[in-house]
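Colleague: Curious how this folds, go ahead:
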Amino acid sequence: MPPVEEKQNPRSIGELVAGISERFSRLIRDEIELAKVQAAAKAQKLGVGAGLLAAAGVLALYAFGILLLAAVWGIANALPLWLSALIVGFVLLLICAILALVGIKSIKKSNEYVVDPKSGLINDIEAAKKGLATDE
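Modeller: You can find the predicted model right below:
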C-alpha cells in the first residue's frame, strides 16, 4: 500500500466553521430570494384571478337585470305590465328579507364563539412548565 499523502495546508477549525457559516448564510439568502420570487408570482396570479372574478360579477349583475326584465315581460303577457313589475319586485324583496334573516341568525350564532388567544397561550406556557418540571 502506498503511503497516504497529507495536504500541505490543512484547514483549521476556525476556517471550517467560517466556511460553514458563510455557506449557511448564502443558503438562507437564496431561500429568502426564492420565497420572494414565488410570492410575487402568486400575487400576480391572484391579481389576475381577482380581476376576472370582478368582471364576471359585473356581467352577472347585468345578466340578472335582463332576466328580471324578461320575467316582468313574461308575466305581462297575462297581466298588465305594472302588475307584473310589482310581482317581480315583491318576489325580490321577499328573497332579500329571507337572506337578511338568515344572515342575522348567522351573525348572532357567531357571537357564541369567543376568540381568546391569551388564555390559549397561558395554557401552553403552563403545559410547557409542567413538562420541564417533570424532566428534571
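Colleague: Any idea how far stretch 120-136 is from the middle of the chain?
Modeller: The chain centroid and the centroid of stretch 120-136 are separated by 32 Å under Cα atoms, centre = their mean, to the nearest Å.
Colleague: Let me see the contact set for Lys105.
Modeller: By Cβ atoms under 8 Å, 6 or more residues apart in numbering, no residues touch Lys105. Just so you know, the C-beta spots here come from the backbone N, C-alpha and C atoms, and that holds for glycine as well.
Colleague: what's the distance between Gly19 and Lys129?
Modeller: Taken as Cβ to Cβ, to the nearest Å, the spacing of Gly19 relative to Lys129 amounts to 40 Å.
Colleague: Correction: the previous question concerned Ser110.
Modeller: With distances taken as Cβ to Cβ, Ser110 is found 34 Å from Lys129.
Colleague: try Ser21
Modeller: Using Cβ to Cβ, which is the criterion applied here, Ser21 is 34 Å from Lys129.
Colleague: Please apply the same query to Ile13.
Modeller: In this view, Ile13 and Lys129 are 38 Å apart by Cβ to Cβ.
Colleague: between those two, who's got more neighbours?
Modeller: Residue environment comparison for Ile13 versus Lys129 gives the larger neighbour count to Lys129, 10 against 7, counting by other Cβ atoms under 10 Å.
Colleague: Can you work out which other helices and strands pack against whichever strand or helix holds Lys42?
Modeller: For Lys42, the element it lies in under DSSP states H and E is helix 13-76. Counting contacts by 3 or more Cβ pairs under 8 Å, 6 or more residues apart in numbering; DSSP states H and E, helix 13-76 is packed against helix 81-110.
Colleague: where's the helix it packs on relative to the chain centroid, distance-wise?
Modeller: 30 Å.
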